[in-house]
Structures are given as structure tokens and as C-alpha cells.
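[1] Here is the input, now give the coordinates:
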Amino acid sequence: MILIDTVYQKVLAIANKEQRGYITPQEFNLFANQAQMEIFEQYFYDINQFKRTPGNSTEYSDIVGMLEEKISAFEKFKIAPSSVSGSVLTLPSDLHRLGTVFSTLATSNPVVEKIDKKNLQLILNSPLTAPTDSRPVFIHQAPTAAGVSQIKIFPAASSYSTGNTSVNYIKKPTTVKWTYVVINDKAVHNSGATDLQNFELHESEESELVIKILQLAGISMKDYQLASAASNKEVNIISQEKQ
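    Below is the predicted model of the structure:
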């Protein structure tokens, strides 16, 4: 966990140096959440890239291990869907990437296999591949009106419920929020607010968060010198990590 007030104070200190401009709490919260998601998404891209890089595997094993450790804090195991309607499961609202889907309708507690929609009819119509309770499959459905992911399990005639299905998944980072009260026309951090939310990223990401937020702030304030300086700093950090 990274304290959001620590990041906020560092961002303000750098942005206000040489009177570059003021970042409001509302702007900071927007930039902070975008920065957090950019860093989080980069984990998956970097793991894919490093695992495919030819050469000495020992050279990259620590990097991949560190990335997997950072992601592990967001892993959820065998969580029941938020609701079930027929064979359509509405997945948890904080889902970011779906992992394994489980069913307990059969005594073997089978894993539900993901299939492509384009192959669905072919699979359903073949006696050899038609899904059963012991060999179920699923496809992705259109999300709900609120944007929550859904899947549909086959065979559709089976009695699915939140009690006999579960999923492994990687959750989204919780939306961060720097909370404050206004004293003498100045925003002062309110550490006791019930809606305060710190960053859930690994502690090692604090500097990267500050840099990314400064990039976004520089663009917003049309201070391209600030944005450029932050970008250059980020490039240097990435280069050091990949040496």
C-alpha cells in the first residue's frame, strides 16, 4: 500500500516549484487513478514481453517474479459470482481479468472451459464435444448496463447458482481518493474520512506514481516542460530496470 497523501504532497512540492501551477484535489484524484491504472496494466504487458525475450532466462527471472508478486496482491480465488440468471453469471464488479471458472454440479468439480463464440454451435451440435455437467464450457456475454462482465455456461439447462459456481480473477485496483477539508481557503488532508482510499499498488511504485501524475498535470496545465521532465525521468527509470 502507498499512502495517497505522501504522493499528493510530493506532487504538489514538485509542481509548485518555480511556481509551475496548482493542482486541485479533484484534478489530483483524476490523475492519480489514471496513473494507477496505467502502471497496473503495464504489469501484464511487461510479463508477456519479458517471458518472450530470448537469451539468458536467469537475467529476467527476477523481473518476472517481481511483476507476478505485484499482481498477486490483486488475485481473488474461488469467488462466487455476484448473481446468476439461468446459465448467465454476472461476475464480481471489481473484476479486471478473468482466470479459471469452476463448477460443482458434477462430483469431479470440473473447470469450465472457455470457448470462442464462433465455435459454439459446432461444439453444441457434435455428440463428441457437446458440453455436459462434467465437461462444461462458457462464452463471454455482453456486459450489464452498469458495465459488469458476464459469462454464459453450457449446458444451459443445468441449475447454476452462486453456490455451485466460482471464479478466480484479478481485481481492479480500488479507486483512490485524497480526502480533505477546507481550512482558511486551503485544502487540508482529512486522514479520518471514511471515503479515504490509498493506492493498492506495491510500495516500489511510489516514484512512478509521482512521475505519471506530474506528466498528466503538466499536460493539463499546458506546462509541457513539466510533462517533458517527468517523461524523461520515467524513461531513465525504465532503462535502469531493463539493464
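
[2] Nearest residue to M1 in space, please, no chain neighbours.
    Ranked by Cβ to Cβ, 6 or more residues apart in numbering and with sequence neighbours excluded, the top spatial neighbour of M1 is N198, at 5.3 Å. (Glycine included, C-beta is placed from N, CA and C.)

[3] Check the gap between that neighbour and A35 for me.
    14 Å (Cβ to Cβ, to the nearest Å).

[4] burial count for I139?
    Here the number of neighbours of I139 (other Cβ atoms under 10 Å) works out to 17.

[5] What of the one 4 residues further on?
    Residue crowding around P143 was assessed by other Cβ under 10 Å; the count is 12.

[6] What are the buried residues along stretch 5-14?
    Using 16 or more other Cβ atoms under 10 Å as the test for burial, stretch 5-14 gives D5, V7, Y8, K10, V11, I14.

[7] Quick one: these as TSV, columns for secondary structure too.
    Below are the buried residues of stretch 5-14 laid out as TSV (DSSP: H, G, I helix; E, B strand; the rest coil):
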residue	secondary structure
D5	helix
V7	helix
Y8	helix
K10	helix
V11	helix
I14	helix
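
[8] can I get those in a markdown table with distance to S207?
    A markdown table is the format used below for the buried residues of stretch 5-14 (distance: Cβ to Cβ, whole Å):
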| residue | distance to S207 |
| --- | --- |
| D5 | 16 |
| V7 | 10 |
| Y8 | 14 |
| K10 | 9 |
| V11 | 11 |
| I14 | 11 |
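
[9] Mark out where each domain of the chain begins and ends.
    4-74+174-241, 76-171 (automatic domain parsing).

[10] What's the end-to-end length of the last one?
    Distance between the two ends of domain 76-171: 7 Å, counting by Cα to Cα, to the nearest Å.

[11] How far off centre is the top helix by length along the chain?
    Assignment by DSSP state H gives helix 25-52 as the longest helix of the chain. Distance of helix 25-52 from its chain centroid, counting by Cα atoms, centre = their mean, to the nearest Å, is 8 Å.

[12] where's the residue minimising distance to the centre of the chain relative to V88, distance?
    In the chain, the residue lying closest to the centroid (Cα atoms, centre = their mean) is K172, at 3.4 Å. K172 is 22 Å from V88, where distance means Cβ to Cβ.

[13] Which secondary structure state does the nearest residue to M37 once chain neighbours are set aside sit in?
    Spatial nearest neighbour of M37, chain neighbours left out: P173 (6.8 Å); criterion: Cβ to Cβ, 6+ apart. P173 falls in the coil class when you classify it by three-state DSSP.
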